[in-house]
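Trainee: This is the structure alone, sequence omitted:
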C-alpha cells in the first residue's frame with residue numbers, strides 16, 4: 001500500500017512539473033500574474049492574522065514584551081560598560097556615579113515565590 005501511494009504522489013508531482021514548464025514556455029506573463037496574485041493573497045492573509053493575534057494576546061503579551069525590552073536594555077548596558085577600557089580616574093568617577101545610580105534604580109518587577117524546599121517527601125508513594 002505504501003509503495004502504491006508513493007507512486008501516485010510521484011505521478012502527481014511530475015504532472016505538476018510538466019504543466020508548470022508548459023505554462024512557462026507558452027504564456028509566461030500569465031504565470032507571473034498568477035504568482036503575483038497568490039503572493040498578494042498570502043500577504044493579506046498573513047497581515048490579517050497578525051492583526052487579530054496581536055489583539056488576542058492582550059495585556060499579558062504587552063507586559064511580556066515590555067519586560068523583555070527592559071531586560072535586553074540592561075544586558076546591553078552591562079556589555080557596553082565591560083567592553084570599554086577606562087583609566088583609573090575615570091573608574092573612580094564611575095564608581096561614584098554607579099553608587100548614585102543604584103540608589104535611584106526602580107525596584108525590580110520580579111517577585112520571589114516561596115517553594116516547599118523544607119518539606120520532606122513521603123517515601124511510601126514512590
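Mentor: Now that the structure is in, tell me what you want to look at. All figures in this text were calculated on a predicted structure; none of them were measured in a lab. Numbers count the residues shown, from 1 in each chain.
Trainee: Secondary structure element holding residue 43?
Mentor: Here residue 43 sits within helix 28-83, counting by DSSP states H and E.
Trainee: Who are the packing partners of that helix?
Mentor: Here helix 28-83 touches helix 2-26, going by 3 or more CB pairs under 8 Å, 6 or more residues apart in numbering; DSSP states H and E. All C-beta atoms are positioned from the backbone trio N, CA, C, and that covers glycine.
Trainee: what's around residue 6, how many residues?
Mentor: Neighbourhood size, residue 6 [other CB atoms under 10 Å]: 10.
Trainee: For residue 12, see how far away it is.
Mentor: If you measure residue 6 against residue 12 using CB to CB, to the nearest Å, the figure is 11 Å.
Trainee: Skipping adjacent residues, who's closest to residue 30 in space?
Mentor: Residue nearest to residue 30 in three dimensions, not counting chain neighbours: residue 23, with 7.1 Å by CB to CB, 6 or more residues apart in numbering.
Trainee: For residue 12, see how far away the one you found is.
Mentor: From residue 23 over to residue 12 the distance is 16 Å, taken as CB to CB.
Trainee: Which one of these two is surrounded by more residues?
Mentor: residue 23 (13 against 10).
Trainee: Which pLDDT does the model give the more buried one?
Mentor: Predicted confidence (pLDDT) for residue 23: 92.
Trainee: pLDDT averaged over stretch 36-52 - what is it?
Mentor: For stretch 36-52, mean pLDDT rounds to 93.
Trainee: Point to the helix or strand of this structure where mean pLDDT is at its lowest.
Mentor: helix 88-104 (a mean of 57; mean pLDDT, DSSP states H and E).
Trainee: sorry, back to before: how big is the angle separating the helix holding residue 43 from helix 2-26?
Mentor: Relative orientation of helix 28-83 and helix 2-26, computed by axes from the mean of the first three to the mean of the last three CA atoms, to 10 degrees: 110 degrees.
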